[in-house]
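**Student:** structure of the sequence below:
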Amino acid sequence: MKIFVANLPYHIKDTGLMQLFGLFGAVLSARIITQNGRSKGFGFLEMDTAQHAELAIQQLDGVVIDDRHIIVRPADAQDL
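**Tutor:** Numbers count the residues shown, from 1 in each chain. I've put the predicted structure just below:
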């Protein structure tokens, strides 16, 4: 299941996203979207099962990381 994550602190890299979501299950891929080498503050990841993805979404949506409330939800076509 693909997940959209927004309002991320700009210093977070792909590996940091994998570590954070890895607390809830196996992460198959994680990618912070960048432009000219700088984070745009959002990214996508894919988890191994829908159950792990749903758990991560429930537990992480709205969590504060470096004074930023992150947004975590299932990715849809408009995000891609």
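**Student:** all strands for the chain, in order.
**Tutor:** Under the criterion DSSP state E, the chain carries strands at the ranges 2-6, 27-35, 38-47, 64-65, 68-69, 71-74.
**Student:** by residue count, what's the longest helix in this protein?
**Tutor:** helix 50-60 (DSSP state H).
**Student:** what angle sits between that helix and strand 2-6?
**Tutor:** Helix 50-60 and strand 2-6 are oriented at 10 degrees to each other (axes from the mean of the first three to the mean of the last three CA atoms, to 10 degrees).
**Student:** what angle sits between helix 50-60 and strand 27-35?
**Tutor:** If you take the same axes, to 10 degrees, helix 50-60 sits at 50 degrees to strand 27-35.
**Student:** what packs against helix 50-60?
**Tutor:** With contacts defined as 3 or more CB pairs under 8 Å, 6 or more residues apart in numbering; DSSP states H and E, helix 50-60 has these neighbours: strand 2-6, helix 14-22, strand 71-74. Placement of C-beta: from N, CA and C, glycine included.
**Student:** please identify the most buried of these.
**Tutor:** Burial of the helices and strands packed on helix 50-60 is given as mean neighbour count (mean count of other CB atoms under 10 Å); strand 2-6 ranks first at a mean of 20.
**Student:** list the contacts of residue 26.
**Tutor:** Listed by CB atoms under 8 Å, 6 or more residues apart in numbering, the contact set of residue 26 reads 47-48, 52.
**Student:** ok so, going back, looking at the strands of the chain, which one is packed in the most?
**Tutor:** Among those, judged by mean count of other CB under 10 Å, the one packed with the most neighbours on average is strand 2-6 (a mean of 20).
**Student:** mind checking how far the closest residue to residue 13 other than its chain neighbours is from residue 16?
**Tutor:** Nearest-residue entry for residue 13: residue 32, 6.2 Å, with adjacent residues in sequence omitted and distances by CB to CB, 6 or more residues apart in numbering. As judged by CB to CB, to the nearest Å, residue 32 and residue 16 stand 8 Å apart.
**Student:** and for the protein, the residue most distant from the center?
**Tutor:** In the chain, counting by CA atoms, centre = their mean, residue 36 sits farthest out from the average C-alpha position, at 20.3 Å.
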